[in-house]
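Engineer: let's see this in three dimensions:
(one chain, ligands or ions: 2)
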Amino acid sequence: VLAEAGVDVAWCEEVGNVLPRSALSPGLAWLASTLSAASILDEMQEATGRVSALVGAVKTYSQLDRASLQLVDPTEGLETTLVMLRHKMGDEVSVVRQYDPDLPRIEAYPARLNQVWTNLIDNAVDAMSGAGTLCLRTLREDDAVVVELIDDGVGMAADTQAHAFEPFFTTKDVGKGTGLGLDISRRIVEEQHHGQITISSRPGETVVRVRIPIEGNGDR
Ligand SMILES: Nc1ncnc2c1ncn2[C@@H]1O[C@H](COP(=O)(O)OP(=O)(O)O)[C@@H](O)[C@H]1O
Ligand SMILES: [Mg+2]
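Structural biologist: Ligands and ions are numbered 1, 2, ... in the order given. Modelled structure (predicted):
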């Protein structure tokens, strides 16, 4: 602890000269515990900073403080979802962002949309077996915004594409997939936001396209 704090032999000798012999050992022990408390404090401060950044992301992601229909920036939703999934994505997935800088805000339920981005990114990471490139693209199309999630994973066989949106349809091992991700996402996009979700896929490229009207949303 003393060495880490920059204490050297010369300093120790100086202290030895001023402190009575009997006080030397307790004096150094006191100093060591004070210094280690200080370094624990430093670490705690750093950890607290990380935690509050995470809490901020969780709050934005879950929108705990804002439950109803909002004016939502879709790009912000994608970004907070990425923060939440960073752990699952690891270092082997690179994310390419092609965001329309002029994308308008949309009338939407932000926490529900974040659930959609989570399900879709989760699927993309699974399809890439944890390594590959995920491209997130946003654009405006007439009176709607479009979010495309493109992965370079295995792709979907024709049979899988035909059934992918059915509840409980999964090609994953028991315990890994529930088969509900796309069903839930479709309900959120189509029933709660009057939008559309479509998939086009071939080996090495799957594009999931979510289209949401800018205005006039809300539960039917
Ligand atoms: N990006 C993707 N690439 C390849 N296959 C996909 C992709 N997204 C979904 N799928 C296929 O669709 C199926 C259903 O997806 P989902 O409803 O999210 O359920 P789950 O992920 O639990 O299996 C998956 O099991 C997988 O076969
Ligand atoms: Mg899924």
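Engineer: hmm, stretch 203-218 touching ligand 2?
Structural biologist: No: looking at stretch 203-218 against ligand 2 by C-beta under 5 Å from the ion, there are no contacts, and the closest approach is 11.0 Å. Any C-beta I mention is one placed from the backbone N, CA and C, and that applies to glycine too.
Engineer: what do you get for stretch 116-129?
Structural biologist: Yes: counting by C-beta under 5 Å from the ion, ligand 2 is contacted by stretch 116-129 at residue 123.
Engineer: how far does that stretch sit from the chain's center?
Structural biologist: Centroid separation between stretch 116-129 and its chain, computed with C-alpha atoms, centre = their mean, to the nearest Å, is 12 Å.
Engineer: just the buried residues of it, please?
Structural biologist: Neighbour counts over stretch 116-129 (16 or more other C-beta atoms under 10 Å) mark 116-128 as buried.
Engineer: and ligand 1, which of those reach it?
Structural biologist: Residues shared between the buried residues of stretch 116-129 and the neighbourhood of ligand 1 are 119, 123-124, 127 [C-beta under 6 Å from any ligand atom].
Engineer: could you dump the residues you listed to a markdown table with secondary structure and pLDDT?
Structural biologist: Formatted as a markdown table, those follow (DSSP: H, G, I helix; E, B strand; the rest coil; pLDDT from 0 to 100):
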| residue | secondary structure | pLDDT |
| --- | --- | --- |
| 119 | helix | 95 |
| 123 | helix | 96 |
| 124 | helix | 97 |
| 127 | helix | 96 |
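Engineer: nearest to ligand 2, of the residues you listed?
Structural biologist: Nearest to ligand 2 out of these is residue 123 (C-beta to the ion; 4.3 Å).
Engineer: how about that closest one, what does it touch?
Structural biologist: Contacts here follow C-beta atoms under 8 Å, 6 or more residues apart in numbering; on that basis residue 123 touches 181-182, 208.
Engineer: what is the nearest of these to ligand 2?
Structural biologist: When the contacts of residue 123 are compared against ligand 2 (criterion: C-beta to the ion), the nearest one is residue 181, at 2.8 Å.
Engineer: from residue 193, how far out is that closest one?
Structural biologist: Taken as C-beta to C-beta, to the nearest Å, the spacing of residue 181 relative to residue 193 amounts to 17 Å.
Engineer: return the set of buried residues in stretch 179-195.
Structural biologist: 181-190, 192-195.
Engineer: now, those that are in strands?
Structural biologist: Assignment to strands by DSSP state E places none of the buried residues of stretch 179-195 there.
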